[in-house]
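Asker: sequence plus predicted model, see below.
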Amino acid sequence: MSLPPPPPELAELPAPVPLDKPEALPWWTARHAALRAQAQAMRAAGQAPQLVFLGDSITHGWDDVGQPVWQARYAARPALAMGCWGDRTEHLLWRLQHGALDNLAPRLLVLLIGTNDSGDLQAPPARTAAGVWRLLDELQRRLPASRVLLLALLPREHAPEAPLRQLNEAVNTRLRALADGQRVHFLDVGAALTDAADWLDPALLPDQLHLSEAGYHRLADAIDPTLDRLLAAAPLDASCP
């Protein structure tokens, strides 16, 4: 099955570019190169990643505060977290087009990206969703036999009516429409990170954006049943359009 068309509200999709923060660019470029090298080293060792997480600082956090959870849950699968601090959708697209997944054939990709589009740019929801659509299109063309688990943007700011929370929710409404239930599957785990009144749990997201170690435990609990189901599913037919 092919992707639905990009959101009609936006005529021009974001173009792929490296991270556009001069003070971070050398670090970001080195991070991209290190992730590529790690992926190829795993492949050369006969442990090519079958599960790849793609995203921004929240995905990058699996290599930092979330590392104990990663080791317990995913390291043996084998899996790879390819997150870069500061990434928006156009930055991740640049990484994909510059070798991030070359020579890999993971069974499942977990995509979580877009909160920096909302937070840094205050981008309209359609612009962020269009950036995610372009990433899905790129992944489908490069890895037609890989499924994608598209995660909803995580909730931001304590109160449910806060501006960035509402902006991310508007993006999520559009992201849900990009899933076809075959190659692309959508999952919203926001309720696992909030209380009964929909306020953020500060023990899970201390700065109202990034996860604590407990937050990564909660995230893993929320996504693992879907990960297990999709990883166990029959392989996709890469020749099917």
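Answerer: Yep, it's here. Being a predicted model, the structure only gives us computed values, none of them experimental.
Asker: list the buried residues for stretch 217-229?
Answerer: The neighbour-count check on stretch 217-229 (16 or more other C-beta atoms under 10 Å) flags 217, 218, 219, 220, 222, 223, 226, 227 as buried. Where C-beta positions appear, they are placed from N, C-alpha and C, glycine not excepted.
Asker: same check on stretch 159-179?
Answerer: Using 16+ other C-beta under 10 Å as the test for burial, stretch 159-179 gives 162, 164-172, 174-175, 178-179.
Asker: check for me that residue 110 belongs to a strand.
Answerer: Yes. Membership of residue 110 in a strand is supported by DSSP: H, G, I helix; E, B strand; the rest coil.
Asker: what sits against it?
Answerer: 51, 52, 53, 54, 55, 148, 149, 151, 223, 227 (C-beta atoms under 8 Å, 6 or more residues apart in numbering).
Asker: out of the buried residues of stretch 159-179, which sit inside helices?
Answerer: Residues of these located in helices (DSSP state H): 164, 165, 166, 167, 168, 169, 170, 171, 172, 174, 175.
Asker: make CSV from these and add distance to residue 85 and pLDDT to it.
Answerer: Below are those laid out as CSV (distance: C-beta to C-beta, whole Å; pLDDT from 0 to 100):
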residue, distance to residue 85, pLDDT
164, 18, 96
165, 22, 97
166, 25, 97
167, 20, 97
168, 18, 98
169, 24, 97
170, 24, 97
171, 20, 96
172, 22, 98
174, 25, 93
175, 22, 95
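Asker: if we only consider those, which is nearest to residue 155?
Answerer: residue 165 (5.5 Å; C-beta to C-beta).
Asker: which ones are touching the residue lying closest to the closest one once chain neighbours are set aside?
Answerer: Spatial nearest neighbour of residue 165, chain neighbours left out: residue 157 (4.9 Å); criterion: C-beta to C-beta, 6 or more residues apart in numbering. Applying C-beta under 8 Å, 6+ apart to residue 157 gives the contacts 163, 164, 165, 200, 208.
Asker: if we use 6 Å, what do you get?
Answerer: By C-beta atoms under 6 Å, 6 or more residues apart in numbering, residue 157 lies in contact with 164, 165, 208.
Asker: any idea how far the residue of the chain most remote from its centre lies from residue 164?
Answerer: Distance to the chain centre peaks in the chain at residue 197, reaching 26.3 Å (criterion: C-alpha atoms, centre = their mean). Using C-beta to C-beta, to the nearest Å, residue 197 is found at 18 Å from residue 164.
Asker: tell me the contacts of the closest residue to residue 83 other than its chain neighbours?
Answerer: By the measure of C-beta to C-beta, 6+ apart, the closest residue to residue 83 outside its immediate chain neighbours is residue 59, 2.7 Å from it. By C-beta under 6 Å, 6+ apart, the contact set of residue 59 is 53, 81, 83, 112.
Asker: try 8 Å this time
Answerer: Residues near residue 59 by C-beta under 8 Å, 6+ apart: 53, 81, 82, 83, 112.
Asker: got a winner among the residues you listed for most neighbours?
Answerer: residue 82 (28 neighbours; other C-beta atoms under 10 Å).
Asker: test my guess that that one contacts residue 54.
Answerer: Yes. Under the contact definition of C-beta atoms under 8 Å, residue 82 touches residue 54, with a separation of 5.4 Å.
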